[in-house]
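Engineer: give me a model of this one.
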Amino acid sequence: MPAQVHREHNIASKTPPVAAALKLLDELSSAQKTLHAMNEDLLRATVENCDDLPALRELVVAQHSRVQAITEQMIEALRDT
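Structural biologist: Residues are numbered from 1 along each chain as shown. All right, here's what the predicted structure looks like:
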């Protein structure tokens with residue numbers, strides 16, 4: 001059984017609040033990885049004095065807000081457990 005299918009089966013076998021929290025944890029992990037990559041791009045653009053710097057900053061701020069929102073959803077889901 002592939003790891004992702006196995007993980008999804010494990011999540012499905014949990015109580016609804018725990019399953020919701022685990023799905024949010026996966027989403028949070030992905031969002032944090034994206035934010036990390038975006039921060040690296042922003043740093044590189046800053047060093048290179050790139051013209052896209054303002055647009056990159058906006059994208060990083062938006063992704064950071066997404067990470068915060070997922071974290072808050074996860075906290076709420078865990079309160080239900």
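Engineer: from here on, just use CA atoms for contacts and neighbour counts.
Structural biologist: Will do.
Engineer: give the rounded mean pLDDT of the lengthiest helix in the chain.
Structural biologist: Looking across the chain with DSSP state H, the single longest helix is helix 16-47. What helix 16-47 shows for mean pLDDT is 90.
Engineer: so which other helices or strands are in contact with the helix or strand just after that helix?
Structural biologist: Note on helix 16-47: by DSSP states H and E, the next helix or strand toward the C-terminus is helix 53-79. Applying 3 or more Cα pairs under 8 Å, 6 or more residues apart in numbering; DSSP states H and E, we find helix 53-79 packed against helix 16-47.
Engineer: buried ones in the helix it packs on?
Structural biologist: Neighbour counts over helix 16-47 (16 or more other Cα atoms under 10 Å) mark 17-25, 27-28, 31-32, 34-35, 38-39, 41-42, 45-46 as buried.
Engineer: how about stretch 64-79?
Structural biologist: His64, Arg66, Val67, Ile70, Thr71, Gln73, Met74, Ala77.
Engineer: for the residue lying closest to the fifth one once chain neighbours are set aside, give me its contacts.
Structural biologist: Residue nearest to Thr71 in three dimensions, not counting chain neighbours: Leu28, with 6.8 Å by Cα to Cα, 6 or more residues apart in numbering. The neighbours of Leu28, taking Cα atoms under 8 Å, 6 or more residues apart in numbering as the test, are Val67, Ile70, Thr71.
Engineer: so the residue nearest to Asp52 when sequence neighbours are not counted versus Ser29, what's the distance?
Structural biologist: Spatial nearest neighbour of Asp52, chain neighbours left out: Ala45 (7.5 Å); criterion: Cα to Cα, 6+ apart. According to Cα to Cα, to the nearest Å, Ala45 and Ser29 sit 24 Å apart.
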